[in-house]
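S.K.: need coordinates for the following:
(chains A and B)
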Number of protein chains: 2
Amino acid sequence: MRNLTTRRSIRKYADKAVSEELLNRLLAEAERTPTMGNLQLYSVIVTRSEEMKTELAPAHFNQPMVCGAPVVLTFCADFRRTTLWAENRQAKPGYDNFLSFINASTDALLYCQTFCNLAEEEGLGTCFLGTTVYMPQMIIDTLQLPQLVFPVATITLGWPDEQPELSDRLPLRAIIHEETYHDYTPQAIDDCYAEKEALPANQHFVEINHKETLAQVFTDLRYTRRDNEAMSEGMIDALRRQGFLPTAKQD
Amino acid sequence: MRNLTTRRSIRKYADKAVSEELLNRLLAEAERTPTMGNLQLYSVIVTRSEEMKTELAPAHFNQPMVCGAPVVLTFCADFRRTTLWAENRQAKPGYDNFLSFINASTDALLYCQTFCNLAEEEGLGTCFLGTTVYMPQMIIDTLQLPQLVFPVATITLGWPDEQPELSDRLPLRAIIHEETYHDYTPQAIDDCYAEKEALPANQHFVEINHKETLAQVFTDLRYTRRDNEAMSEGMIDALRRQGFLPTAKQD
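M.R.: As a prediction, this is how the structure comes out:
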């Protein structure tokens, strides 16, 4: 995985197709990723048509890579296939519940990430769209996802036509804990975030947004309580509709 | 990623340490994995002591790899560090909600899988423990995870001391859908699962469990409705306690 150390998200793609053969080879190789009981609780929707990209774009806040990429992949938690299999085999499935959503979503995300690592080793560029879980119902409707199928990750894929700066990362000591969780003192927080906050690009980001601190850019503009709470409700509603939470308004 | 095509879960490890230097290098390299707003909403608890492995084991149904592996890694969705950072920087965080759990859990799972891909390229063996989300409260208590931290994946790690058979996978056509979801007819289900059902190992599995079909082994024994529903409630309770769902018994 030699390309990983210089990995960046790619949002601008060359006018060059990603062949079906290459895509299918990588999707098949990624199937080695472990899954719950080896049930492979995921599906992938492959979007290549301009029409479907245009339909998907609003759910992703019209980020230009959706229409600009040759391929968009939507990775879904999928308990439907396993449920149908059981129903066709005199077995009684019980996967219309929250734990099953978490299990299938875990399978789908791990599979997605192995796929991304493989694609990037091949020289392809990817961009992970966190927007997938913001308005999932729009994606469900557009891709015609039935009960027990839920979109959990989207990536845009193509040959890179840009080489952005490498983004910063927290020092390893910020994320690992030996034996038990060691809570962060104010000094530890300073230590973890000092480098990030000192970066000229991040200082510029604070300035153009008229904020006092970098953290405020996140809490006040990018990921606000109001948006998070509204989108939490939307996601819970969508989980109910897809059959992963009880529909009755019970606890 | 040449090792991926022969990748299998490793549950038996050689009596050889995984050095802190190697582990930290791989954990640091995996940090290139993209995350929401580059906030890195995850933490990793590194378990090496016999005492802590013994304490963790029951939460993982006492699967022997927990105590048998030199290292156990628990990957956690972590919005606490970001929240403390915000609170220390005159910013008002709003991440005590369900969407934020999904965002952090996504970050943690993608990071975990890149780590596994890297570790396996290095010749290390891993086993992904799906049990992490079955009784999360036990893990939270053992690892002393504070509010807004939630375990989403555990892997055992070490140098392989076994080479099990490669497990089967569904044909690629079973998991990909062009443009929209194409629901499975009974014939499509037969086509997807025929190979899996015909494997001697799986037929043996049906026989020793006194079942009629392979699907019944999953629905009646391995992943039952009763267990799933009980564990869904346990997980939702744990999410409330960790601050990712409202505590009032409201909808």
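S.K.: please count neighbours and contacts with C-alpha atoms only from this point.
M.R.: Fine.
S.K.: give me the longest strand you can find in chain A.
M.R.: Looking across chain A with DSSP state E, the single longest strand is strand A:149-158.
S.K.: isn't residue A:247 right up against residue A:240?
M.R.: Yes: using C-alpha atoms under 8 Å, residue A:247 is in contact with residue A:240, at 5.5 Å.
S.K.: circling back: centre of the chain to whichever helix or strand comes after the longest strand of chain A, how far?
M.R.: Remark: after strand A:149-158, the chain's next helix or strand is strand A:176-178, criterion DSSP states H and E. In terms of C-alpha atoms, centre = their mean, to the nearest Å, the centre of strand A:176-178 is found 25 Å from the chain centre.
S.K.: in the helix or strand that comes right after strand A:176-178, what's buried?
M.R.: Downstream of strand A:176-178, the first helix or strand assigned by DSSP H and E is helix A:186-198. Residues of helix A:186-198 classed as buried by neighbour count (16 or more other C-alpha atoms under 10 Å in any protein chain shown): A:189, A:191-193, A:196-197.
S.K.: could you do stretch A:108-122 as well?
M.R.: Residues A:108-121 are the ones in stretch A:108-122 that count as buried (16+ other C-alpha under 10 Å).
S.K.: count the residues that sit near residue A:57.
M.R.: 17 (other C-alpha atoms under 10 Å in any protein chain shown).
S.K.: distance check, it against residue A:138.
M.R.: Distance of residue A:57 to residue A:138, computed by C-alpha to C-alpha, to the nearest Å: 10 Å.
S.K.: center of chain A - which residue?
M.R.: residue A:153 (3.3 Å; C-alpha atoms, centre = their mean).
S.K.: shouldn't that residue be in contact with residue A:72?
M.R.: No: the criterion here is C-alpha under 8 Å, and residue A:153 misses it with residue A:72 at 10.6 Å.
S.K.: the buried residues of stretch A:108-122 also near chain B: which ones?
M.R.: A:109-110, A:112-114, A:117-118, A:121 (C-alpha under 8 Å from any C-alpha of the partner chain).
S.K.: name the nearest of those relative to residue B:127.
M.R.: Set against residue B:127, the nearest of these by C-alpha to C-alpha is residue A:110 (13.2 Å).
S.K.: what's the neighbour count on the closest residue to residue A:234 other than its chain neighbours?
M.R.: Taking C-alpha to C-alpha, 6 or more residues apart in numbering or on different chains, and ignoring the residues beside it in sequence, residue A:234 has residue A:135 as its nearest neighbour in space, at 6.8 Å. The number of residues packed near residue A:135 is 19, by other C-alpha under 10 Å.
S.K.: which residues touch residue A:135?
M.R.: Under the criterion of C-alpha atoms under 8 Å, 6 or more residues apart in numbering or on different chains, the neighbours of residue A:135 are A:59, A:231, A:234-235.
S.K.: where's it relative to chain B, distance?
M.R.: Counting by C-alpha to the nearest C-alpha, to the nearest Å, the gap from residue A:135 to chain B is 11 Å.
S.K.: roughly how far apart are that residue and residue A:2?
M.R.: For residue A:135, the distance to residue A:2 equals 35 Å [C-alpha to C-alpha].
S.K.: okay if I get the ones next to chain B among the buried residues of stretch A:108-122 as TSV plus secondary structure and pLDDT?
M.R.: Formatted as TSV, these follow (DSSP: H, G, I helix; E, B strand; the rest coil; pLDDT from 0 to 100):
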residue	secondary structure	pLDDT
A:109	helix	98
A:110	helix	98
A:112	helix	98
A:113	helix	98
A:114	helix	98
A:117	helix	98
A:118	helix	98
A:121	helix	96
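S.K.: now the residues you listed as TSV including distance to residue B:50?
M.R.: Below are these laid out as TSV (distance: C-alpha to C-alpha, whole Å):
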residue	distance to residue B:50
A:109	31
A:110	28
A:112	34
A:113	31
A:114	31
A:117	33
A:118	36
A:121	37
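S.K.: among these, which two are most distant?
M.R.: Greatest spatial distance among these (C-alpha to C-alpha): A:109 and A:121, at 18.5 Å.
S.K.: all strands of chain A, in order?
M.R.: Counting by DSSP E, the strands of chain A are A:42-47, A:71-78, A:125-129, A:149-158, A:176-178.
S.K.: any chance of the ones you listed in JSON lines, plus distance to residue A:8 and mean pLDDT?
M.R.: Converted to JSON lines, the strands of chain A look like this (distance: least, C-alpha to C-alpha, whole Å; pLDDT from 0 to 100):
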{"stretch": "strand A:42-47", "distance to residue A:8": "22", "mean pLDDT": "98"}
{"stretch": "strand A:71-78", "distance to residue A:8": "18", "mean pLDDT": "98"}
{"stretch": "strand A:125-129", "distance to residue A:8": "8", "mean pLDDT": "98"}
{"stretch": "strand A:149-158", "distance to residue A:8": "13", "mean pLDDT": "98"}
{"stretch": "strand A:176-178", "distance to residue A:8": "23", "mean pLDDT": "98"}
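S.K.: could you dump those into CSV and include distance to residue B:159?
M.R.: Shown next, in CSV, are the strands of chain A (distance: least, C-alpha to C-alpha, whole Å):
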stretch, distance to residue B:159
strand A:42-47, 29
strand A:71-78, 31
strand A:125-129, 32
strand A:149-158, 32
strand A:176-178, 21
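S.K.: go through these and name the closest to residue B:181.
M.R.: strand A:42-47 (6.7 Å).
S.K.: now that closest one - C-alpha only, CSV.
M.R.: Taking C-alpha atoms only, strand A:42-47 is exported to CSV below (Å, rounded to 0.1, in the frame of the first residue of the first chain):
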residue,chain,number,x,y,z
TYR,A,42,-23.9,-5.2,1.7
SER,A,43,-24.8,-4.1,-1.8
VAL,A,44,-23.2,-1.6,-4.1
ILE,A,45,-25.1,0.6,-6.5
VAL,A,46,-22.9,1.6,-9.5
THR,A,47,-23.9,5.0,-11.0
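S.K.: what helices or strands is that strand leaning on?
M.R.: Applying 3 or more C-alpha pairs under 8 Å, 6 or more residues apart in numbering or on different chains; DSSP states H and E, one finds that strand A:42-47 contacts strand A:71-78, helix A:98-121, strand B:176-178.
S.K.: residue A:84 is nearest to which of those?
M.R.: Closest to residue A:84 of the helices and strands packed on strand A:42-47 is strand A:71-78 (C-alpha to C-alpha; 11.0 Å).
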